[in-house]
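Asker: Whatever this is, show me its structure:
(one chain, ligands or ions: 3)
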Amino acid sequence: MIFYFSGTGNTRWAAEKMAEATAERLFFIPNELPTSCHYELEVGERIGFCFPVHGWQPPHIVREFLKKITFSTPSSDIREHYCYVLITCGDSAGETIEMCNSDLAPKNISIDFAISLIMPESYVCLPFMYTDKPQREEEKIAQASKDLDTAINIVCSRKRTTFLVKKGPLPWTFSHVIGAYFNAKMITDKKFRVDPDMCISCGKCVKVCPTGDIRLAEGVPEWKHNDSCTNCLACYHHCPRHAINYGRITRKRGQYYFGHRTTTSGE
Ligand SMILES: Cc1cc2nc3c(=O)[nH]c(=O)nc-3n(C[C@H](O)[C@H](O)[C@H](O)COP(=O)(O)O)c2cc1C
Ligand code: SF4
Ligand code: SF4
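Answerer: Numbers count the residues shown, from 1 in each chain. Ligands and ions are numbered 1, 2, ... in the order given. Okay, the predicted model is just below:
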């Protein structure tokens with residue numbers, strides 16, 4: 001079984017390809033979290049986790065899920081079930097895999113293989129953070145496609161091999177200091193604003209929000225402020241009118257989601 005999270009579709013693309021190649025069951029983490037999160041593994045079934053990197057860590061919704069998940073298995077040892085993690089990121093993952101490993105350790109699960117796919121950038125809410133230029137997006141997707149094939153081969157043959165993860169410089173500092181601050185203080189829906197003159201009440205933002213954090217009030221989206229927002233930016237990137245902004249900083253930034261080329265050049 002494969003458990004995945006995705007905001008702008010990069011990880012969904014990878015998880016769906018992996019599920020197709022391995023014929024494994026696919027579960028979307030936001031749909032699973034309100035359930036018991038207990039799963040019955042079949043004989044020899046693999047366990048896969050696919051998610052984007054958020055602030056050099058797993059997104060908080062993924063960490064919550066990893067802490068809650070339990071399995072029953074027909075084998076005597078859960079470690080007989082091959083476990084892999086596939087992450088997507090714009091540039092570097094820091095110690096995301098190590099953090100995932102420690103969340104899984106209390107369940108006696110250890111990661112047999114992990115890979116990072118470098119994919120188009122989705123975070124645009126800080127200075128100097130932009131969507132990639134279209135050519136860079138294409139290059140990243142072409143390379144990610146090859147890396148995904150490698151991952152699929154490794155997972156299909158259940159190899160316990162070197163992790164293919166781009167951690168970047170100072171991975172511990174990025175994950176445990178900068179990323180810890182980012183995830184504790186900067187993931188919020190309180191900064192989203194809608195330009196009512198631009199909004200056409202299409203409801204796309206409501207539909208794409210993976211946590212159900214948005215509703216339309218008299219045709220204009222409003223955020224529920226229920227602490228579920230992951231800052232995945234699906235709402236921002238999918239708005240056909242660029243009517244949603246995160247404070248003022250994103251007003252001239254690009255919009256990207258998988259299968260849709262960046263529309264505005266941010267720089
Ligand atoms: C809140 C947030 C934080 C991010 N942090 C990082 C990061 O620390 N390192 C990185 O390389 N990319 C980072 N990114 C970029 C995403 O990891 C990358 O674009 C990913 O492929 C998006 O996956 P998705 O389309 O499945 O949501 C971040 C994106 C978001 C929305
Ligand atoms: S996606 Fe954009 S245009 Fe559509 S309802 Fe949301 S804010 Fe309005
Ligand atoms: S409100 Fe926007 S950023 Fe927050 S989880 Fe929903 S789609 Fe993602």
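Asker: what sits against the closest residue to His38 other than its chain neighbours?
Answerer: Leaving aside its sequence neighbours, His38 sits nearest to Thr70 (CB to CB, 6 or more residues apart in numbering; 4.8 Å). (C-beta placed from N, C-alpha, C; glycine too.) With contact set as CB atoms under 8 Å, 6 or more residues apart in numbering, Thr70 has these partners: 36-39, 107.
Asker: Please determine how far Thr70 is located from Lys107.
Answerer: 7 Å (CB to CB, to the nearest Å).
Asker: what's the answer for Ile152, then?
Answerer: In terms of CB to CB, Ile152 sits 25 Å off from Lys107.
Asker: so who does Leu170 touch?
Answerer: For Leu170, no residue meets the contact criterion (CB under 8 Å, 6+ apart).
Asker: Oops, could you answer that again for His237 instead?
Answerer: Under the criterion of CB under 8 Å, 6+ apart, the neighbours of His237 are 8, 122, 255-257.
Asker: where does it land in three-state SS?
Answerer: When classified by DSSP: H, G, I helix; E, B strand; the rest coil, His237 comes out as helix.
Asker: just to revisit the earlier point, can I get the contacts of Thr70 in JSON lines including distance to Lys17?
Answerer: JSON lines is the format used below for the contacts of Thr70 (distance: CB to CB, whole Å):
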{"residue": "Ser36", "distance to Lys17": "28"}
{"residue": "Cys37", "distance to Lys17": "24"}
{"residue": "His38", "distance to Lys17": "27"}
{"residue": "Tyr39", "distance to Lys17": "22"}
{"residue": "Lys107", "distance to Lys17": "26"}
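Asker: Just the buried subset of these, written out for ChimeraX, thanks.
Answerer: To isolate the buried ones among the contacts of Thr70 in ChimeraX, judged by 16 or more other CB atoms under 10 Å, type:
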select :37,39
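Asker: Just the buried residues of the longest helix along the chain, please?
Answerer: Using DSSP state H to define each element, the chain has its longest helix at helix 134-156. For helix 134-156, a neighbour-count test (16+ other CB under 10 Å) marks 137, 140-141, 144, 147-148, 151-152, 154-155 as buried.
Asker: Name the residues that touch stretch 73-81?
Answerer: 40-47, 71, 107-110.
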